[in-house]
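A.B. asks: Generate coordinates for the sequence data below:
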Amino acid sequence: MEKFDPTEHPHRRYNPLINEWVLVSPHRAKRPWQGQVETLEVEQRPSYDENCFLCSGNTRINGEVNDNYKKTFVFTNDFAALKTDTPQVSNDDPLFKMATEQGESRVICFSPDHSKTLPQLSVDEITEVVKTWQNQCEEIGQTYNWVQVFENKGSMMGCSNPHPHGQIWAQQQLPTLVEKKQNAQSDYLTKHGSNLLEDYVQREIENQERVVVSNDDWLVVVPYWAGWPFETLLLPKFSIQRMTDLTPSQQVSLADIVKQITTKYDNLFNCSFPYSMGWHGAPYDSKEH
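C.D. replies: Okay, here's the model as predicted:
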C-alpha cells in the first residue's frame, strides 16, 4: 500500500489559533497553468506627486492640507470605516440582526516619499513607522478595546492610493477572528499549561522547515496551517501582549524583520508585491491575556 506523503497527498491540517481545519492539496501545484499571468511592473513613481492626496503639503479631498511632514504622518481617515458619532441602533431579529459599532479610523503615511514602499525604506525609517504604530495604539487604546494596525498594499488588495501608507481601526468589540484566536489560546493554556504561540515558535525553530527569515527577536514562518499561497506569520521570540510593550531595541528588530520579509516578497516575483498584513495582540482592556 502506498505510504502517505504530506508533500504529495491531500489532507487536512489543524489551525490551533482559530480551532479550524484547512484542506491541503499539494499535488495540485503540478497542474498546468493557462490562467492570468501578470506583467512585471516597470513604472517608476516620483518621490513627490502634486496630485496625490497623501503627499506632504498637498490638499486632501476634504480640503484639509497635509503637514509638511518629514517622517510619518497620521490623520483621521477622510472616508472612515468607523466613526465616533455613529447613532445607536440594535434589534433582536434572529436573521437580520445589527448593532452599532463606534470607533476611529486613521491613516499612517510611512514617509513623505511617494515612491518608497516599506521594503525600500531604511531600517531607521521603518523604526519610525513602528514607533508611530506604538504611539497610536497607546493613545487610541485608552478609549477603545481593540486597536488594529494593518496595511493593504497594491491596487489589487483594495488600496485606493499608491502613496505607501497603512491604517489603524479602533473599536470596542473584538473582531470575530481575533475573538477566535483569544479563545483558542485561552483553551490551550488551560489544557496544556503553556502558551500556544511560545510553544509553536519553539517547534518551528527546532524544525527549521518553514522558517523564512528571523533575527534575535522575531521569527517569520509559513504557518503549518497556511490557507493562502505565500502566507506568512510573524511571531516574537519573547513574551509580549501588546505592541505598546515593545522596548526600543525590539522596535528596531521589528523594523529589521519587516524590511527583510517585505523585501523577500518583492524579490520573489521581481515586482512591488501586493499583500495585506496586520498586527494581532491582546485587547486594550488593561487585563492580562
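A.B. asks: mind listing the helices for the stretch 151-289 of the chain?
C.D. replies: Using DSSP state H, counting those that start in this stretch, the helices of the stretch 151-289 of the chain run over residues 176-192, 196-207, 248-269.
A.B. asks: need the contact list for the nearest residue to D124 once chain neighbours are set aside.
C.D. replies: Distances taken as CB to CB, 6 or more residues apart in numbering place A255 nearest to D124, at 7.7 Å, with adjacent residues excluded. (Each C-beta comes from the backbone N, C-alpha and C, glycine too.) Counting by CB atoms under 8 Å, 6 or more residues apart in numbering, A255 touches 123-124, 126-127, 129-130.
A.B. asks: Select, out of the helices of the stretch 151-289 of the chain, the one closest to P26.
C.D. replies: helix 196-207 (17.5 Å; CB to CB).
A.B. asks: I'd like the average pLDDT over the closest one.
C.D. replies: What helix 196-207 shows for mean pLDDT is 98.
A.B. asks: same question, stretch 113-132
C.D. replies: 97.
A.B. asks: Return it as CSV; C-alpha atoms alone will do.
C.D. replies: Provided in CSV are the C-alpha atoms of stretch 113-132 (Å, rounded to 0.1, in the frame of the first residue of the first chain):
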residue,chain,number,x,y,z
ASP,A,113,8.5,59.8,-0.3
HIS,A,114,5.7,58.9,-2.7
SER,A,115,7.8,56.2,-4.4
LYS,A,116,9.1,54.2,-1.5
THR,A,117,7.2,51.2,-0.1
LEU,A,118,8.2,49.6,3.2
PRO,A,119,11.0,47.3,1.8
GLN,A,120,12.5,50.4,0.1
LEU,A,121,12.8,52.3,3.4
SER,A,122,15.8,52.0,5.6
VAL,A,123,15.6,50.2,9.0
ASP,A,124,15.7,53.6,10.7
GLU,A,125,12.8,54.8,8.6
ILE,A,126,10.7,51.7,9.3
THR,A,127,11.6,52.1,13.0
GLU,A,128,9.8,55.4,12.9
VAL,A,129,6.8,53.6,11.4
VAL,A,130,6.9,51.1,14.3
LYS,A,131,7.1,53.9,16.8
THR,A,132,4.1,55.6,15.2
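A.B. asks: how does the chain divide up, domain by domain?
C.D. replies: With domains defined by automatic domain parsing, the chain comprises 73-88+97-173, 177-279.
A.B. asks: now the strands for the stretch 101-250 of the chain?
C.D. replies: Along the stretch 101-250 of the chain, counting by DSSP state E, counting those that start in this stretch, strands occupy 103-109, 146-153, 165-171, 211-214, 218-221, 233-236.
A.B. asks: okay, these in a markdown table with mean pLDDT, mean neighbour count and distance to T263 next?
C.D. replies: What follows is those, written out as a markdown table (pLDDT from 0 to 100; neighbours: other CB atoms under 10 Å; distance: least, CB to CB, whole Å):
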| stretch | mean pLDDT | mean neighbour count | distance to T263 |
| --- | --- | --- | --- |
| strand 103-109 | 97 | 21 | 20 |
| strand 146-153 | 95 | 21 | 13 |
| strand 165-171 | 96 | 21 | 17 |
| strand 211-214 | 98 | 16 | 9 |
| strand 218-221 | 99 | 22 | 12 |
| strand 233-236 | 98 | 18 | 14 |
